[in-house]
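Student: just need the structure, nothing else, for what follows:
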Amino acid sequence: MFKYLAKRIGRSILTLFIIVTLVFCLLRLMPVEGYFANYEKMTEAQIQAGLQSMGLLDPLPVQIGRFWWNALHGDLGVSHIYKVNASVTSILTKKLPISVQMGVFSMLLSLVVGIPMGLFMGRFKNRWPDKIGTAIIVLIQAVPAAVYYLYIQMYGTTALGVGLLFDASDWKYWVLPICSMSLGNVAFYAMWLRRYMVDESNKDYVRLALAKGVSENNIALHHVFRNAMVPLVQYIPSAFLNTVVGSIYIESLYSIPGMGGLLVTCVQRHDNTMVQGIVLLYACVGIIGLILGDLLMVLIDPRISFGKKEGGR
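Tutor: Predicted coordinates:
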């Protein structure tokens, strides 16, 4: 297990290096306007002096080495457009906590609702819990998310008596965006858990347990459910971390000052330094999610082994 983790982490670091370095190189092909807030008013001499002071006229390998050295020391550079002369690290650290809190609550809600929903659907296949759950899943997945997000905001703000501008100090302002962000994951967990439970219930060990007189509820809860969670659990860390990064539409809808939409905004405004930092963060999030997914699979089912079998040597 530890040998597998060491290999996986090593490959992840290599992947991270390649992705971020490739983006770094591509951004150097972009126009230099992204490094100056008042580019239109600058002379050519001032532009060249500015590029020289930022080290952008150095050979590309030198720039890459400097970027990674500074990044390893927590320095991702400064923003030149989004917030002039503000540290990229400080901008991300201000926006990330609120997205983390929002992601934690929405993920907990989706697990608390989606897992039991899928469990009941799989346990009572083709009966009324399954039919009601299927109807809810179809509704969530068939209707465009933007539509029911707007309806939730329209009627929810009136019911809770809250305004359209997000107030982090009032718990009522958290309810609607958390519910909105959790809906997609609720449908995902319920649908796939139901499908995996139906597949498991048709296997031989279930028939054997029934023949021995084990109750259906006992089999469903202690055997079928546990085995059905193994392939599903690997997606939970990635889904959580992606939720933490933020939802562009929901955070803009409720004026939440989080990570949602930050990358799009910086790309549109050609703030290359900010784009580099955000891509590095996103790449780390994705890689950590994949590794945690593998670890959760092992915790759920200790029979899973990522190492070589003894007989295969």
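Student: quick one, what contacts residue 82?
Tutor: 91, 265, 266, 269, 271, 274 (C-beta atoms under 8 Å, 6 or more residues apart in numbering). All C-beta atoms are positioned from the backbone trio N, CA, C, and that covers glycine.
Student: show me where pLDDT drops low in the stretch 151-300 of the chain?
Tutor: Of all residues in the stretch 151-300 of the chain, those with pLDDT under 70 make up the ranges 241-242, 244-246, 298, 300.
Student: which stretches in it count as helices?
Tutor: With helices called from DSSP state H, counting those that start in this stretch, the stretch 151-300 of the chain shows them at 172-201, 204-211, 216-219, 225-233, 236-245, 248-253, 262-268, 272-300.
Student: mind putting those in JSON lines, distance to residue 13 included?
Tutor: Supplementary listing: these in JSON lines, determined by distance: least, C-beta to C-beta, whole Å:
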{"stretch": "helix 172-201", "distance to residue 13": "29"}
{"stretch": "helix 204-211", "distance to residue 13": "40"}
{"stretch": "helix 216-219", "distance to residue 13": "43"}
{"stretch": "helix 225-233", "distance to residue 13": "24"}
{"stretch": "helix 236-245", "distance to residue 13": "17"}
{"stretch": "helix 248-253", "distance to residue 13": "28"}
{"stretch": "helix 262-268", "distance to residue 13": "22"}
{"stretch": "helix 272-300", "distance to residue 13": "8"}
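Student: which one of those lies closest to residue 84?
Tutor: When the helices of the stretch 151-300 of the chain are ranked by distance to residue 84, counting by C-beta to C-beta, first place goes to helix 272-300 at 11.2 Å.
Student: show me what counts as buried in the closest one.
Tutor: Using 16 or more other C-beta atoms under 10 Å as the test for burial, helix 272-300 gives 272-283, 285-287, 289-290, 292-294, 296-298, 300.
Student: show me what that helix is packed up against.
Tutor: helix 2-27, strand 78-79, helix 88-123, helix 225-233, helix 236-245, helix 262-268 (3 or more C-beta pairs under 8 Å, 6 or more residues apart in numbering; DSSP states H and E).
Student: run the last query once more with 6 Å
Tutor: Contact partners of helix 272-300 among helices and strands, from 3 or more C-beta pairs under 6 Å, 6 or more residues apart in numbering; DSSP states H and E: helix 2-27, helix 88-123, helix 225-233, helix 236-245, helix 262-268.
Student: residue contacts, the residue lying closest to residue 194 once chain neighbours are set aside?
Tutor: Distances taken as C-beta to C-beta, 6 or more residues apart in numbering place residue 121 nearest to residue 194, at 4.0 Å, with adjacent residues excluded. Counting by C-beta atoms under 6 Å, 6 or more residues apart in numbering, residue 121 touches 130, 133, 194.
Student: gap between residue 121 and residue 191?
Tutor: Using C-beta to C-beta, to the nearest Å, residue 121 is found at 8 Å from residue 191.
Student: which one of the helices of the stretch 151-300 of the chain lies nearest to residue 144?
Tutor: Taking C-beta to C-beta as the measure, the helices of the stretch 151-300 of the chain were each checked against residue 144, and helix 248-253 came out nearest at 10.6 Å.
Student: now what about stretch 132-140, what contacts it?
Tutor: 117, 121, 183, 187, 190, 191.
Student: gap between that stretch and the chain center?
Tutor: Its chain's C-alpha centre lies 24 Å from the corresponding centre of stretch 132-140 when counted by C-alpha atoms, centre = their mean, to the nearest Å.
Student: next: stretch 149-169.
Tutor: Taking the mean C-alpha point of stretch 149-169 and that of its whole chain, the gap between them comes to 24 Å (C-alpha atoms, centre = their mean).
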